[in-house]
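Asker: Next one to model:
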Amino acid sequence: MASASSTAINMLFDLASEEVELATKHLVSANQVLKDAQEKRAMLEDYKQDYIGHYQAKLTKGLGKESHLNYQGFLQNLQQAIDGQAEVIISAQYESDKMRENLQAAQRKKMSYEVLIKRATKKAMKLESKRDQKLMDEFAMRTKRTSTH
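Answerer: Numbers count the residues shown, from 1 in each chain. Modelled structure (predicted):
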């Protein structure tokens, strides 16, 4: 009977181990999405700074009204893209945090099964030790009886 419960606990431990593995993969993936989003935003920010530098250079040389409006319009579009990317980063950070929490929960579950397995193993070893001691005591008593007769 103890063997069946040990087998069940071991099976649950194996399932929890697989859950930890899967949660780890999901966290790695979520962190990569976050990193990519942050890099894209940084790239957009750099591009905006370069564009502003180019725009200011054009302004010192003189810029027509239509060109000025085109530059301003493009800068607004670029800022909207940066703001949109900031939203993507917030969403990716939320997903990463959620995946981290899932991993931690899976690890706690695995550890609890590990504790149960250790307890069951310790209990089984204690019972086996008691059985061995009982057998040794019986053997000693038999030996004593046969030697006195």
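
Asker: Quick one: low-confidence residue ranges for the protein.
Answerer: Applying pLDDT under 70 to the chain flags the ranges 1-2, 148-149.

Asker: same thing but 90
Answerer: Confidence mapping of the chain against pLDDT under 90 gives the ranges 1-9, 54-65, 67-68, 120-121, 124, 132-149.

Asker: mind listing the helices for it?
Answerer: Applying DSSP state H to the chain gives helices spanning 2-61, 65-148.

Asker: Dump those to CSV, plus mean neighbour count.
Answerer: (C-beta placed from N, C-alpha, C; glycine too.) Below are these laid out as CSV (neighbours: other Cβ atoms under 10 Å):
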stretch, mean neighbour count
helix 2-61, 14
helix 65-148, 13
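
Asker: Can you tell me, leaving aside adjacent residues, what's nearest to Ala92?
Answerer: In this structure, Ala92 finds its nearest non-sequential neighbour in Leu34, 4.0 Å apart by Cβ to Cβ, 6 or more residues apart in numbering.

Asker: next one: Thr24
Answerer: For Thr24, ignoring the flanking residues on the chain, the nearest one in space by Cβ to Cβ, 6+ apart is Leu103 at 6.0 Å.
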